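**Student:** next one to model:
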Amino acid sequence: MIIDAHYHRDERLESIDRLVGQMERHNIDKIALISTMVDPFFVDGIPEKLANIVRKALQSKWKSIGLLMYNTTVNQKGQFSILGKVYNIYSRPDDELVAKAIEAHPSKFYGWIFVNPAAEDPVAVIDKRAGNPSWIGVKCHPFWHRYPIKMLDDTCAYCVEKRLPILLHLGGNKEMGNFRYLPERYPSLKIIYAHAGVPYYGELWAYIKNRPNIFVDISSPYLDESLRIATLKTLGAHKCIYGTDGPYGYPDTDGMYDHGAILSEIDRFPINDKEKELILGINFMEIIGI
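**Tutor:** Next up is the predicted model:
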């Protein structure tokens with residue numbers, strides 16, 4: 001079973017027909033969809049090189065510079081910014097496109113419920129979908145939505161009640177990036193830190209290593225193959241979850257998203273087939289209660 005646990009649904013970047021076709025081409029059984037929260041953008045060419053510089057800085061003695069570069073990808077107006085180009089971030093991501101994909105292809109897709117406690121009542125948003133088994137958890141992005149982790153208290157209390165995991169993209173300062181707060185306040189809550197815990201990586205790995213309910217996905221151009229392997233070696237296969245963060249980065253020969261890129265890296269991981277199966281689907285199925 002192969003499940004992509006982290007993929008953004010954006011019809012402007014990839015049609016549903018191509019997405020389903022790519023799933024069949026790469027033997028992907030399920031994708032957990034997330035509504036898009038930003039104008040369409042591409043991570044290739046110079047932006048890809050910049051992402052590589054930030055990634056390396058965050059793992060080096062120049063971490064403070066890496067954090068500065070990471071944080072400045074969101075400008076003072078709350079827009080995503082790459083090399084002077086700006087893209088609007090949506091304060092209220094619309095889950096309806098995800099809902100339509102699930103309705104059209106119920107055997108192919110799950111959905112993450114996207115909440116922004118800085119813009120709306122998160123409990124009301126979750127309650128609209130909770131109870132439908134196709135909606136398997138809650139996505140939160142305190143970095144791009146610019147709120148402190150503590151604003152997720154109501155969200156997480158409700159997720160504990162409903163037994164829903166959360167997928168969380170951390171910010172790069174103390175308020176938006178406090179990865180200790182939720183595990184210590186809600187020890188039974190299952191948390192997936194997106195993109196191997198960017199921007200904290202090793203510091204976060206050391207903290208979660210012996211915490212049974214905390215995981216990381218290994219998606220996105222925030223990582224490369226060596227960083228994915230480092231994540232795996234530190235945390236073990238039982239802590240790592242396959243995801244892509246598509247349709248961003250990793251262009252295929254047609255210029256659109258290559259759903260096989262990260263799968264190829266996992267296939268090269270220096271682990272046995274049973275460990276690869278954990279990463280590719282079993283871990284995620286256990287988290288969502290399948």
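**Student:** buried ones in stretch 97-105?
**Tutor:** For stretch 97-105, the neighbour count (16 or more other C-beta atoms under 10 Å) marks 97-99, 101-102 as buried. Glycine gets a C-beta too; all of them are placed from N, C-alpha and C.
**Student:** what's the answer for stretch 259-269, then?
**Tutor:** Applying 16+ other C-beta under 10 Å to stretch 259-269 flags 259-263, 265-266, 269 as buried.
**Student:** got it, and stretch 56-72?
**Tutor:** Applying 16+ other C-beta under 10 Å to stretch 56-72 flags 57-58, 63, 66-67, 69-70 as buried.
**Student:** same thing with stretch 71-89?
**Tutor:** Buried residues in stretch 71-89, defined by neighbour count with 16+ other C-beta under 10 Å: 73-74, 79-80, 89.
**Student:** for stretch 216-231, same thing?
**Tutor:** Those would be 216-223, 227-231, for stretch 216-231 by 16+ other C-beta under 10 Å.
**Student:** just the terminal-to-terminal distance for it.
**Tutor:** 9 Å (C-alpha to C-alpha, to the nearest Å).
**Student:** now swap in stretch 219-229 and tell me
**Tutor:** Stretch 219-229 end-to-end distance (C-alpha to C-alpha) = 12 Å.
**Student:** which other residues reach that stretch?
**Tutor:** 5-6, 43, 48, 51-52, 55, 59, 194-196, 198, 201, 218, 231, 242-245, 248-250, 262, 265-266, 268-270 (C-beta atoms under 8 Å, 6 or more residues apart in numbering).
**Student:** ok, stretch 47-67 next?
**Tutor:** By C-beta under 8 Å, 6+ apart, the residues outside stretch 47-67 that reach it are 43, 69-70, 82-83, 172-173, 198-199, 201-202, 221-224, 227, 249.
**Student:** where is the longest helix in this protein?
**Tutor:** The residue-count maximum for a helix in the chain (DSSP state H) belongs to helix 46-58.
**Student:** returning to what we had before: just the ones of the buried residues of stretch 216-231 in strands?
**Tutor:** 216-217 (DSSP state E).
**Student:** okay if I get the buried residues of stretch 216-231 as TSV plus distance to D39 and pLDDT?
**Tutor:** Formatted as TSV, these follow (distance: C-beta to C-beta, whole Å; pLDDT from 0 to 100):
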residue	distance to D39	pLDDT
V216	27	98
D217	23	98
I218	26	98
S219	20	97
S220	18	94
P221	17	91
Y222	19	92
L223	23	95
L227	27	97
R228	28	98
I229	33	98
A230	32	97
T231	29	98
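**Student:** quick one: which of the buried residues of stretch 216-231 is nearest I16?
**Tutor:** I16 has its nearest neighbour among these in S219, at 20.1 Å by C-beta to C-beta.
**Student:** picking that back up, taking the buried residues of stretch 216-231 one by one, which sit in helices?
**Tutor:** Short answer: those in helices (DSSP H) are 227-231.
**Student:** phi and psi next, for I218.
**Tutor:** Main-chain torsions, I218, degrees, to the nearest 10: phi -110, psi 40.
**Student:** got a list of what it touches?
**Tutor:** Counting by C-beta under 8 Å, 6+ apart, I218 has contacts 195-196, 228, 231-232, 240-243, 262, 266, 279.
**Student:** now it: how far from H6?
**Tutor:** Note on I218: its distance to H6, by C-beta to C-beta, to the nearest Å, is 9 Å.
**Student:** cool, L278 as well?
**Tutor:** Computed as C-beta to C-beta, the L278 to H6 distance reads 16 Å.
**Student:** quick one, which of those two is more surrounded?
**Tutor:** Per other C-beta atoms under 10 Å, whichever of L278 and H6 has more neighbours is H6, with 27 against 20.
**Student:** does the more buried one sit in a helix or strand, and which one?
**Tutor:** Assigned by DSSP states H and E, H6 falls within strand 3-9.
**Student:** what sits up against that strand?
**Tutor:** By C-beta under 8 Å, 6+ apart, strand 3-9 touches 28-37, 97-98, 101, 110, 167, 192, 194, 217, 219-220, 241-248, 259, 280-281, 284-285.
**Student:** quick revisit: and which of the buried residues of stretch 97-105 is nearest T155?
**Tutor:** For the buried residues of stretch 97-105, the nearest to T155 is V98 (18.0 Å; C-beta to C-beta).
**Student:** which residues touch the closest one?
**Tutor:** Taking C-beta under 8 Å, 6+ apart, one finds 9, 33-35, 109, 111-112 in contact with V98.
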